[in-house]
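In: Provided below are the primary sequence and the corresponding predicted coordinates.
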Amino acid sequence: MREVVVKVEDLKFRYREGKKRALDGVSFEVFKGEFFCIIGANGSGKSTLCNALVGLVPYYFTGNKKGSVVIDGVDTDNSSIAELSQKIGLVFQNPFNQLSYTASNVAEELAYGLGNHGVPRDEMIKRVEYVAKLMRIDHILHKNPLELSGGQVQRVAFGSTFILEPNILVLDECTTQLDPLGSEEIFDIVKELNKTGITVIMVDHDMERVARCADRIMVLDKGKTVCIDTPDAIFSNPDIVNYNIEAPDYVSICKALKERGYYSGDYKITEEPTVEVVKEALVK
Ligand SMILES: Nc1ncnc2c1ncn2[C@@H]1O[C@H](COP(=O)(O)OP(=O)(O)OP(=O)(O)O)[C@@H](O)[C@H]1O
Ligand SMILES: [Mg+2]
């Protein structure tokens, strides 16, 4: 039996200022070491859910919460944000919201969270060096965080979450400020971390990337879980357009070839198998 590290049951949440529920019945489980993706239209509740996983909902973003979120066997209702941050770390959608605005340089910014956890100074230095190298920000450790580019802030935000060594990483559209190359670099790091056993829960709008990375995908619509399945099953389901989700282009290519009688198999969702389908079709 696979170990469940995140269990969310019938989660509902209405922001104090909100007219309707941002989450209106979300249920899912994530297994240890899994790469779990969350997709859905703008405003479907993805960020609210990420915030609920790390306790920011309802401790920081207040409102009316129902249902339960259990992280590594502990209900978030019975745990502080600081305690949760050692189990589960969130990289925010807006990296500027993740800065402390008190650190005078990037090294201090990275170490900021460690101070609250009583990590000794030499261990702090080691972790800062490791994370700075991993995120490729070792050349800007002396810089003021407020003078960085958006992409650099995003790397620092990622680093300041990962430095606490959580076993579960929640990534909420964490590369929006990066160019395509920088973005891929971050995803390569995420994939490597996942291979070492870290559980990844990722919100992303790039469906080709989601199709490539995810073990399973959950579709959210208007705050509700509408389905959870493998990438193949999700993207070959014609109903997903109802939730404003566009399958990777590879699905349309296979579909077009099938309609014209050049192909008769399943729809492919990633590049390499689609190339094979097209090659086969060219021979016909
Ligand atoms: N602080 C807040 N106060 C009140 N309502 C909020 C707040 N934050 C989000 N909402 C509302 O909650 C709903 C869900 O928002 P959320 O940001 O979770 O969606 P999302 O799926 O992350 O969207 P996006 O794809 O644009 O990032 C939306 O209707 C939004 O307007
Ligand atoms: Mg969001």
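Out: The structure has been received and is ready for your questions. Ligands and ions are numbered 1, 2, ... in the order given.
In: report the buried residues of the helix ranked longest in the chain.
Out: If you go by DSSP state H, the chain has its longest helix at helix 180-195. Buried residues in helix 180-195, counted by 16 or more other C-beta atoms under 10 Å: 182-183, 185-187, 189-190, 194. For the C-beta atoms, the positions are set from N, CA and C on the backbone; glycine is no exception.
In: which one of the residues you listed is nearest residue 129?
Out: residue 189 (16.0 Å; C-beta to C-beta).
In: how about the residues of the stretch 1-150 of the chain by ligand 2?
Out: Neighbours of ligand 2 within the stretch 1-150 of the chain, by C-beta under 5 Å from the ion: 46-47, 93.
In: contacting ligand 1 as well, which ones from those?
Out: Among those, the residues lying close to ligand 1 (C-beta under 6 Å from any ligand atom) are 46-47, 93.
In: residue 91 is in contact with residue 166, correct?
Out: No - Residue 166 is beyond contact range of residue 91, at 10.6 Å (criterion: C-beta atoms under 8 Å).
In: these two - which one has more neighbours?
Out: A side-by-side neighbour count of residue 166 and residue 91, using other C-beta atoms under 10 Å, places residue 91 first with 25 against 21.
In: for that one, give me its contacts.
Out: 98, 157-158, 161, 169-172, 174 (C-beta atoms under 8 Å, 6 or more residues apart in numbering).
In: of those, buried ones?
Out: The buried subset of those - by 16+ other C-beta under 10 Å - is 98, 157-158, 161, 169-172, 174.
In: out of those, the closest to ligand 2 would be?
Out: Nearest to ligand 2 out of these is residue 172 (C-beta to the ion; 6.0 Å).
In: separation between residue 61 and ligand 2?
Out: Going from residue 61 to ligand 2 by C-beta to the ion, to the nearest Å gives 13 Å.
In: excluding sequence neighbours, find me the nearest residue to that residue.
Out: Nearest residue to residue 61, sequence neighbours excluded (C-beta to C-beta, 6 or more residues apart in numbering): residue 51, at 5.9 Å.
In: by contact count, what packs against the helix or strand hosting residue 123?
Out: Element membership for residue 123, per DSSP states H and E: helix 121-134. With contacts taken as 3 or more C-beta pairs under 8 Å, 6 or more residues apart in numbering; DSSP states H and E, helix 121-134 sits against helix 106-116, helix 150-162.
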